[in-house]
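[1] need a 3D model of the sequence below.
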Amino acid sequence: MTTAPAEFPSTPTNVSLPGPAGLLEAATNLPEADVARAGVAVICHPHPLQGGTMHNKVVTTLERSLRELGLATVVFNVRGIGASQGTFDEGIGETDDVIAVARWAQHVRPRDALWLAGFSFGSYVAARAAAQLPVRQMISIAPPVGRWDFSQLASPLCPWLVVQGEADEIVEPAAVYAWVAAQPESPTLVRMPETSHFFHRRLLDLRGAIKNGVRANLPPLIAA
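    The predicted structure is shown next:
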């Protein structure tokens, strides 16, 4: 594992990034050159005390979807998970972890549009972090409304995609729909029927929903 590269790695690479509670384990990847766009996405995983890591299948689906659309990607483990240092901090410190990773991504790709994406708990800390970052696209997958306090979070000042399974057994879909409807700037909401919290047997459908939901806001292609 390398330490805080000064440039975005040109091949899929595991890196250690400085975070507020110690080093954070992360992995970077780039799109194929012919589809590469001036954008970088930071992707956040579900609850660390409930098995959530950067290797979660929904997280890897998010990563692949955005990379296939042409964005550089960064997935990472929050404090206390995998090789990331520190201990769980009730979403507060984890928000700081998101900000630290996003600022590194901005530093090494300063011309790129910054995208933030998260699944479940990851969508909560991403939304908290968005208030302190120049986010150009937000993606929230199964946001845990009712389990975490979303009521005090400001709407991101950018296009925003929310994907929610209608058969979610962990998050109450109706609570998510009501929260989305209450936003001053309406997010794009995709309701997926017969879909559980972890999108079992629906990951390909999720991939399509992500791609279709953000395609209109893609950054420009990078000139060859």
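
[2] quick one: name whatever helix or strand follows the lowest-mean-pLDDT helix or strand in the chain.
    Least confident helix or strand, the chain: strand 2-3 with a mean of 54, by mean pLDDT, DSSP states H and E. Next along the chain after strand 2-3, taking DSSP states H and E as the criterion, comes strand 13-19.

[3] does anything pack onto that next one? Which helices or strands?
    strand 2-3, strand 22-29, helix 92-108 (3 or more CB pairs under 8 Å, 6 or more residues apart in numbering; DSSP states H and E). Backbone N, C-alpha and C define where each C-beta goes, glycine included.

[4] again, 6 Å this time
    strand 22-29, helix 92-108 (3 or more CB pairs under 6 Å, 6 or more residues apart in numbering; DSSP states H and E).

[5] and the closest residue in space to Ile222 that isn't next to it in sequence, how many neighbours?
    Of all residues not flanking Ile222 in the chain, Ala36 sits nearest, at 4.7 Å (CB to CB, 6 or more residues apart in numbering). Ala36 has 18 neighbours, counted by other CB atoms under 10 Å.

[6] mind starting the numbering at 850 from now?
    Okay, residue one is now 850; in that scheme the one you just asked about reads as Ala885.

[7] could you pull out the helices for this structure?
    Applying DSSP state H to the chain gives helices spanning 906-917, 941-957, 970-979, 1022-1030, 1052-1063.

[8] need the helices and strands packed on strand 862-868 in TSV (columns: distance to Thr1044, mean neighbour count and mean pLDDT).
    Below are the helices and strands packed on strand 862-868 laid out as TSV (distance: least, CB to CB, whole Å; neighbours: other CB atoms under 10 Å; pLDDT from 0 to 100):
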stretch	distance to Thr1044	mean neighbour count	mean pLDDT
strand 871-878	26	21	98
helix 941-957	26	21	98
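
[9] okay if I get these as a markdown table plus distance to Ser1045?
    Formatted as a markdown table, these follow (distance: least, CB to CB, whole Å):
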| stretch | distance to Ser1045 |
| --- | --- |
| strand 871-878 | 26 |
| helix 941-957 | 24 |
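
[10] for Val891, which of these is the nearest?
    In terms of CB to CB, the element of the helices and strands packed on strand 862-868 nearest to Val891 is helix 941-957, at 4.9 Å.
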